[in-house]
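*Asks:* Here's my sequence, what's the structure:
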Amino acid sequence: MKFTHFGTEQNGSLEFDRYASNNNLAVQLVCDDGIPYATISTNVEGVQLASDEFIAKTYSENKGLVEQFIESGCFEDTGRVATVGYADSQPILRAVTLPVGVA
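*Replies:* Okay, here's the model as predicted:
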């Protein structure tokens, strides 16, 4: 899938895993050459989510990334937020399609 970030167009894919501490969904953006590009999710201890939900990291170097994946239909906004340290409120998103074995 194509995405634009810092003024350049890239090709990549989303990879899903689980955080070991609480089994929440972890989302990574990886370029087609296999090099990790960005961690799309963040984990907050004490926040339990549905198996297809994650807390998006929309601040700092991730600014402008997550919105593209919502627009393309990869993620849905749940309308809920989680407080993430100094970053304040971050959206809780739902992954529309998870690979087998991650759900």
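
*Asks:* from here on, contacts and neighbour counts on C-alpha atoms
*Replies:* OK.

*Asks:* any chance you could map the strands in the protein?
*Replies:* Remark: strands assigned in the chain by DSSP state E are 2-5, 8-18, 25-31, 36-39, 41-42, 53-56, 75-84, 88-95.

*Asks:* So which residue is smack in the middle of this protein?
*Replies:* Note on the chain: the residue nearest the mean C-alpha position is Ile40, at 3.3 Å, using C-alpha atoms, centre = their mean.

*Asks:* my read: that one touches Ala56, true?
*Replies:* Yes - in this structure, Ile40 is within contact of Ala56 by C-alpha atoms under 8 Å, at 5.8 Å.

*Asks:* and for these two, which residues touch both?
*Replies:* The contact sets of Ile40 and Ala56 overlap at Val66 (C-alpha atoms under 8 Å, 6 or more residues apart in numbering).

*Asks:* Can you tell me the closest non-neighbouring residue to Ile92?
*Replies:* Leaving aside its chain neighbours, Ile92 sits nearest to Ile55 (4.5 Å; criterion: C-alpha to C-alpha, 6 or more residues apart in numbering).

*Asks:* ok now do that neighbour, which residues does it touch?
*Replies:* Ile55 neighbours (C-alpha under 8 Å, 6+ apart): 41-43, 81-82, 90-93.

*Asks:* Roughly how far does it sit from Pro36?
*Replies:* Noted for Ile55: a distance of 19 Å to Pro36, by C-alpha to C-alpha, to the nearest Å.

*Asks:* again, but for Phe3
*Replies:* For Phe3, the distance to Pro36 (C-alpha to C-alpha) stands at 14 Å.

*Asks:* Having no further points to raise, I will conclude here.
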